[in-house]
Every structure is written in C-alpha cells, then in structure tokens.
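1. From the sequence below, what's the structure:
(4 chains)
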2 protein chains.
Amino acid sequence: MKHVNIKDVAREAGVSTTTVSYVLNQTPSQSISPETTERVWQAVRTLNYVPNLNARSLTSQKTNLIGVVIPQTEPGKEFMFANPFYGELLSAIEYTARRNGYHLLLSGPDPDQSYINIARNRSVDGIIIVGSYPSKSLNELHQLAVPVVLVDTYVKDDVFHTIGIDDRLGGQLATRYLLEHGHRDIAFVSGSVSEQGVVQKRFMGYMDALNEYGLSMNEKYLYLGTVSYDFAQSVAEEMRLRGNRETAAFATADILGMGLIKGLRRLGRRVPEDLSIVGFDDLDVARMSDPSLTTIHQNIAEKGRNAVQIILDAADGVSGKQERILPVSIVERDSVANLAPQGRINT
Amino acid sequence: MKHVNIKDVAREAGVSTTTVSYVLNQTPSQSISPETTERVWQAVRTLNYVPNLNARSLTSQKTNLIGVVIPQTEPGKEFMFANPFYGELLSAIEYTARRNGYHLLLSGPDPDQSYINIARNRSVDGIIIVGSYPSKSLNELHQLAVPVVLVDTYVKDDVFHTIGIDDRLGGQLATRYLLEHGHRDIAFVSGSVSEQGVVQKRFMGYMDALNEYGLSMNEKYLYLGTVSYDFAQSVAEEMRLRGNRETAAFATADILGMGLIKGLRRLGRRVPEDLSIVGFDDLDVARMSDPSLTTIHQNIAEKGRNAVQIILDAADGVSGKQERILPVSIVERDSVANLAPQGRINT
DNA sequence: ACCATTCACTTAACCGCTTCAGTAAATTCA
DNA sequence: TGAATTTACTGAAGCGGTTAAGTGAATGGT
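-> Numbering: from 1, shown residues only, chains lettered A, B, ... in the order given. As a prediction, this is how the structure comes out:
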C-alpha cells in the first residue's frame, strides 16, 4: 500500500505542492482562492491523504510530541505505572496533551539515561519528568533546547519548570490531625528519604507538627523502606519487634497506609482502635480500603494538566521558569481514632 | 543552541556524510577502516552529536515507535489509566518495547478516532490497541500498512493480530468454584456486555458452569453497569431492592468485587459470611482488600510483552496473523465461604 | 492611463538523514 | 603481471514536507 504524499495530492488537484501545503496548513500569510482550496480538499479526500508528520517535523522543527518520563516505583520491577498514582497522572497528561494537538512519547528511565536523548533526537517539543532523579542526570537535561517540567522533584535550579504540591504542609496537616486527636506517639512510615524527593519535605512537616506540640521526633518511630504495600505490611511486625508504643502512624503514601492496615490485622490489631493511620495522596484505593483511609488529598490530575500547560505556554513563547505549587488538604475518613484524655477510645 | 547534524560530524571527521552514516549504523554491507571509524566516533563525541530520528525515519521508513491506544475505562472520565489493570499492562508494554529499542506513542481514543491517523501519519511501526472498540472503527485500521495487535478484543478478522486470555474459561472457573462451595444462587456483576468485549465471554463461562450443575441463568441475578467501584457499591443496595437471595456473586473485575464488598458492608452484610465473591484479573488491589479477594488470575504483564513481541516479529518479517491466548487460573483467598448442605457456613 | 499593489499561485532550496551507484586504490588470483 | 575482485570511501538523489522568493495577472489609486 503506497503512501500517498503531497505530490500525489498536488497532481490530483492540478496545483503545486506548495499550494497544497498552504491549504492544508491554512497559512495565514498566503491567499488561496476558494475554488482551489476546495479542489485541494477534494483531492485530499479522494486520495485519502494524511500528511506525514515526520517529514513535517523535519522542516517545521515542531513535533507536537511531549516526552514523558515516569519512574519505576520499585527498583527492579518493571511495573512502573502499576502504582495508581502514576496512572492517574499519566491520564491527565495524555488527555490534556491530546486536547491541544499533542501526543505523548512515553519512556521509563533507562539505566543509561537515554531518556535524555529522546528529548534530543526525537525532537520532542517538551519533556515532563515525574519523580526524583539524581541531580547529575538532571544536569544533562540542561543542554536541551526544549522546556523541561519536573513533577514532584525538589531541585534548586532556574531552568527547569516545576510542578508539585506543598508536601511539607501535607506532612504537617497529617501529623497535626493525629496530634489533635490526642495521639502523641506517632510513627513515620515511608519509602527512603532522598535529597530531591517529596518524602523529605513530608518528613519536615511531620517534625513541624510535633514541634508545635512541644514534642520532638523519636527515631524509634521511624520506619523507612520502599513505597510498597509489602513493605508497609512488614512494618506492623517491625513495630512489635521494636516494642514501640505508638498509637498512630503517618504513612507518606496511601499504599503504605493500606499495607499497614493489612499487616496490623494479621497480627490481630485493629485500625483505628489499636493504631490510627493517616495516608497521603488520596488515591481511589484510599476510600476502597477498610477502614477507609484518612489521608492528605492532592489533585493529581491537576498536576498533570499543569505540567502540560507549562510546556504549551513555553511553546507559545512564554519565557521564564515556572514554579507551581498545588494545595493539599486533609480528607477525614475512618482510619483515625480519637484518643480521649482518659485513654478511652472514641472513633 | 544549534542542532549539530551529520554534516558537522562529517566535516569534523574529515569524511563524507555517507561515511558517517555508515559508521553510525554499522551498515553491514559497507566496510569502513578502523581508523576512520574511530575518527568519526571521536567527532560524534566532541560535537555531542545525536542523530535526528525524524530525519532518519523519513528515509528509512522505520520509526522505532509503537503506537498504543488505551481506552477510557469510564466514558466521560479522562482517567483511563487510573485503573491499575491498564497501568500494569502499559508498564509491561513500555518495558518490553524499550528493551528492543522502541518507544511508545501513547494516545487515548479520540471521539473522532484520530488514533487511526496516528498510525498513518506518525508512521509508527506497529500499533497496539487495548480494549474493545466498535468494529466499524476497527475496519478503518485495515488500510494501515503496519501490524495491528488487538488486546482483549474478540473480532473475527484475519488481518489483526490478537492477544488475550481464555475469558470464557475464566468465567467458568470462577462460577464453578462458587458452585463447588455449595452456592446455587450466584449473581453476575459486570460492566456492559459488548459484542467484542471480554465480558461477553466471561458471561458465557458463567453460564457454562451453571449448566454443568444443571442450573440455568436467572435474569434477576444479573447486575450490569460500568466497570467501576461506585457501580459495584450500588449493586449491594440493588440486590436488596430486588429482594434476591443470592449467596454469591461473580464480579467480572476485581474493582467490581471490591466495590461490592464495600457496598455490602455499608448495609451491614459481611463477606463472605453473607455473600461470597469471586473477582477477575487478580490485580494488586485484590490482595489488599479485606477480605482479600478470591479471583481469576491473568498474567497482565505477559499480555503486554506478547503484544510487543508480535509487532517485533512482524517487523522482522514474520508473516501471517498471530493469535495468542494466555491461560487463566483461580486464586483462592478469603472472599468465598463454604455453604454446607445444612446451610451452615464454614469459611 | 500608468504605476503600485494585491492576489493567486509556482519554483526551488532546504530540513537531516539514508542509500544507490559510482570511483580510485589496494589486494587477490591465475 | 594483468585482469578481477575487494576495500574504503564519495556524490548525489530522494524521503515528504515547508517556506522564502519570484511571477504574471488582476485590481486599485490618482
């Protein structure tokens, strides 16, 4: 099946390829008669012509492609998008991009960081990078001529655009909520704390709240591992091993909160009666869990929309680094118990 | 920042662009001296040259791009990938593709079906279509020159490759499992039954199992809606309204099973004591639920890997339609109770 | 009525790369 | 040793578009 090209259309319509191009792109500076325009469209229809975007990109230097790099959530596992968080984010990105005539070029991060090359050799019009990466590999992105949007990465830099949430406030809200409900011994359950990641900020918020109440962080209450259901499940056991007496836990991801619930239940402990839990993200699964998870809400879709919008803006000539921070809020559900002064429990 | 091109490299290395091209692609039919080869690579390094894949694709007619079309799970919602099923599938696809030097061009289905054009104008090397679509829109894909892989679509056609699971057997296994546990009044909870979709097959399996036990389908036990947690939750209420006496339910997706659990609990009914449930898919969330969900396992990642492999094969010249069906099995967890003859319950 | 515009198009160069068809020198073979 | 082959390259066409510059004819202004 031969690819029909612009020449075929030109021949069919009895005009030059230039004219066809002008008609197709409705080039504003050029005037084409209505009759010719119609003839061209007619030819396009009869030949069922579709422009080759590769060729078009070659000259126009515009690809209408946005590169998206999404991390593995667990090292070694290939299922990076299995985490619903990324699914929702990617959905919003895809939808917004498509609404604006863009498509997505998707990639996980290669060990050899070839995702940088994607931006260069595919000539994407922009690139969205989700999650935290070693800053040295980010440095390589500086040589790029296209706008780069970092999602959920904390990095001091005045070239990359960033979009994120107020993670520190989120951590504070979560912890404060537990404090307000009478809890004083609050565990901190999370994946590893990296320099550029969100966990560090949430941890700072955790400490902020403790400080508000004149408390200080107790290292025995820190449970750091990976952002996975299984790790969180094991934390329940670890709590017992450490002989800790925490009455509540702040889990920095809903998945962690859910794993923790499961782990506790296995040991015969109940949520929230024996341990109150606040999660983070407000994924769909948070309300599906039993008990449903009190959590910090963030607007994931809005994050995705903003990421695309920043690139769209940049493509439209808006200059200067953009830095957007979306709000967070607490969603009260059923995983936190009120610890009355007497030590009695009221859910 | 000027794009450095092959000419710059040629000049730097003191050779022709042809030679550079041969070195870069290691064209087998051409012999280049080691010294020249080294000079070219040296030039590539000093200039930090990255080939423009757009230009390359233009001549070579190969893009190393695989188009992926993933449906919205709920009409009107933009979050098509939020369903963990698609996340896992997409992950496997992306990973396998990247391992083989391909990238993914991602798109949701436009109302105007422009995803067909993606295949044509972006000149992807293949296209993977997930989920069921109206067969007329599939017909348009026939004009494509690239291999098309349909995932989870039942369509009689000898052009499209297909990859799926034995949905009918899955439905049968699920239902039979309930029957084996003494259940006779078994609800069928699912999204809408479409011509090409998987639900229809699962429904047939449901009936197969009933027939095995000399039972026939009772229309009162059919609950059809959308594949969503919320719908399933409402089914619990609907069951009461209908005044039905089912002791078990086969939910054609894990999300439905989970929603059903939640809905029942809201009404003070317990799973599995009051209603036993078998789900489908064996998503991560199935084991996270409480009670954990007995479900039909399918290897989602394997599905994704196969989809890519089919395209890779076709690109390598393997001809003929491929049709792969992956096995299913039942995973026993905690959502099914044994209904003893006396009517007593043993979990 | 004459020059300046505007209109409606076309010609041709170019985007960055691949690849066919050469070509001159070095090597092999009889 | 001369012809045939191989080696190591190069020139130029072409992939399918876009776009700057150019060209007649029609229109406008005075």
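
2. going forward, measure contacts and count neighbours with C-alpha atoms only.
-> Noted.

3. backbone phi and psi for the closest residue to DNA strand C within the stretch 201-347 of chain A, please?
-> Using C-alpha to the nearest atom of the strand, A:Ala315 is the residue of the stretch 201-347 of chain A that sits closest to DNA strand C, at 18.4 Å. The phi/psi pair for A:Ala315 (degrees, to the nearest 10) reads phi -70, psi -30.

4. Give me the neighbour count for it.
-> Other residues within reach of A:Ala315, judged by other C-alpha atoms under 10 Å in any protein chain shown, total 16.

5. if I pick the nearest residue in space to it that is not next to it in sequence, what's in contact with it?
-> Among residues not flanking A:Ala315 along the chain, A:Asp125 sits closest, at 7.4 Å (C-alpha to C-alpha, 6 or more residues apart in numbering or on different chains). By C-alpha atoms under 8 Å, 6 or more residues apart in numbering or on different chains, the contact list for A:Asp125 reads A:Lys62, A:Thr63, A:Asn64, A:Leu65, A:Ile66, A:Gly67, A:Ala119, A:Val146, A:Pro147, A:Ile311, A:Ala315.

6. which among these end up buried?
-> Neighbour counting by 16 or more other C-alpha atoms under 10 Å in any protein chain shown classes A:Thr63, A:Asn64, A:Leu65, A:Ile66, A:Gly67, A:Ala119, A:Val146, A:Pro147, A:Ile311, A:Ala315 among these as buried.

7. hang on, the third one packs against A:Leu106?
-> Just to be clear, that refers to A:Leu65. No - applying C-alpha atoms under 8 Å as the test, A:Leu65 and A:Leu106 come out as separate, 9.9 Å apart.

8. do stretch A:61-72 and chain B meet?
-> No - judged by C-alpha under 8 Å from any C-alpha of the partner chain, stretch A:61-72 stays clear of chain B, getting no closer than 8.8 Å.

9. about what we covered before: the contacts of A:Asp125 in strands, which ones?
-> Among the contacts of A:Asp125, the ones falling in strands (DSSP state E) are A:Leu65, A:Ile66, A:Gly67.

10. Now pLDDT too, for the residues you listed, in a markdown table please.
-> Formatted as a markdown table, the ones in strands among the contacts of A:Asp125 follow (pLDDT from 0 to 100):
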| residue | pLDDT |
| --- | --- |
| A:Leu65 | 92 |
| A:Ile66 | 94 |
| A:Gly67 | 93 |
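
11. List of residues touching the helix or strand harbouring A:Val199?
-> Per DSSP states H and E, A:Val199 falls inside helix A:198-212. For helix A:198-212, the external contacting residues (C-alpha under 8 Å, 6+ apart) are A:152-154, A:167-176, A:179, A:188, A:190-194, A:216-217, A:252.

12. Same question for stretch A:33-43.
-> A:Val9, A:Ala10, A:Glu12, A:Ala13, A:Val20, A:Val23.

13. Can you report phi and psi for A:Ala92?
-> Per degrees, to the nearest 10, the backbone of A:Ala92 is at phi -60, psi -40.

14. Could you do A:Gln61 as well?
-> According to degrees, to the nearest 10, A:Gln61 has phi 60, psi 20.

15. That one and B:Ile118, how far apart?
-> A:Gln61 sits 19 Å away from B:Ile118, going by C-alpha to C-alpha, to the nearest Å.

16. Show me which of these two is the more surrounded one.
-> Counted by other C-alpha under 10 Å, A:Gln61 and B:Ile118 do not tie: B:Ile118 has more neighbours, with 22 against 13.
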